[in-house]
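Student: Just the structure for this:
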Amino acid sequence: MPAVVEVRGLRYRYPDGTEALKGIDFDLNEGESVALLGPNGSGKSTFALHLNGLLRGQGEVRVCGMDVTGASLRDVRRKVGLVFQDSDTQLFMPTVLEDVAFGLLNQGLSPEGARKTAQTALELVGMGRSSERGPHHLSAGEKKRVALAGILALEPDLLILDEPTTFLDPPGQRALADLLRNLPQAKILITHDMPFARAICSRAVFFHEGCVAAEGKLETVAARFGWDFSTH
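Tutor: Below is the predicted model of the structure:
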């Protein structure tokens with residue numbers, strides 16, 4: 001299958017001298033879903049931010065066949081949809097529909113086209129009836145769906161979700177898992193929530209102190225490091 005992500009020898013050091021990534025190799029194929037596991041501070045989020053050029057380290061990073069460099073960043077960012085841990089960081093317009101349409105308008109779509117596409121994306125995530133609501137009136141699960149709709153409206157090839165179950169109750173987690181499982185995009189799931197990871201991913205990559213300590217079948221990798229599927 002075609003590779004969506006190809007990373008070789010990625011290294012990154014923060015301005016304070018902290019070496020966050022120490023030579024990461026990683027591949028993700030079209031339609032594949034992988035969980036990034038590991039303790040806080042192990043480099044998972046730092047790695048993910050390299051995939052759309054928000055951070056730039058040393059090494060090779062290719063997304064959808066494009067090198068993630070200054071010349072290609074605009075095209076790369078159209079291919080990569082990043083859903084942050086806190087949905088409030090992505091929702092800032094007066095209404096849900098305006099929020100989802102925001103990125104489309106920035107890409108040059110007409111107001112009418114943007115509204116139509118945004119409404120379709122909201123229908124896809126089960127939020128079609130909430131288009132005129134204010135984002136601040138939504139529950140945590142609803143906000144997560146709207147943030148995801150804003151990404152899906154842009155038709156990315158890759159979804160990156162950073163701790164997507166944060167603030168979600170169990171019904172909200174199950175609903176989100178069902179939604180993600182049925183989306184065709186390749187997915188990178190950064191999570192400590194093992195039941196959620198198992199609902200979506202078959203493969204895992206375990207980060208430890210800026211290195212890939214293990215990768216393979218989700219259950220095998222989790223068991224190796226003592227990560228319990230009965231808890232988060």
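Student: Centre-most residue in the protein?
Tutor: Ile160 (1.5 Å; CA atoms, centre = their mean).
Student: in its sheet, what does the strand or helix carrying that one sit against?
Tutor: Assigned by DSSP states H and E, Ile160 falls within strand 158-162. Its sheet considered, strand 158-162 pairs with strand 80-83 (parallel), strand 186-190 (parallel) by DSSP bridges.
Student: ok, of those, where does mean pLDDT dip lowest?
Tutor: The minimum mean pLDDT among those belongs to strand 80-83 (a mean of 91).
Student: So which residues make contact with that strand?
Tutor: For strand 80-83, contacts defined as CB atoms under 8 Å, 6 or more residues apart in numbering pick out 48, 51-52, 63, 90, 144, 147-148, 151-152, 154, 156-162, 164, 185. C-beta coordinates here come from the backbone N, C-alpha and C atoms, glycine included.
Student: Can you name the next helix or strand after that strand?
Tutor: Once the chain leaves strand 80-83, the next helix or strand it forms, by DSSP H and E, is helix 96-106.
Student: Now that next one - C-alpha only, CSV.
Tutor: C-alpha atoms of helix 96-106 as CSV (Å, rounded to 0.1, in the frame of the first residue of the first chain):
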residue,chain,number,x,y,z
VAL,A,96,-20.4,25.8,14.9
LEU,A,97,-20.9,26.1,11.1
GLU,A,98,-18.7,29.2,10.9
ASP,A,99,-16.0,27.3,12.8
VAL,A,100,-16.0,24.4,10.4
ALA,A,101,-16.2,26.7,7.4
PHE,A,102,-13.2,28.8,8.6
GLY,A,103,-10.5,26.7,7.0
LEU,A,104,-12.4,26.3,3.8
LEU,A,105,-12.7,30.0,3.4
ASN,A,106,-8.9,30.4,4.0
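Student: and it, how far out from the chain's middle?
Tutor: Averaged C-alpha coordinates place helix 96-106 at 19 Å from its chain's average position (CA atoms, centre = their mean, to the nearest Å).
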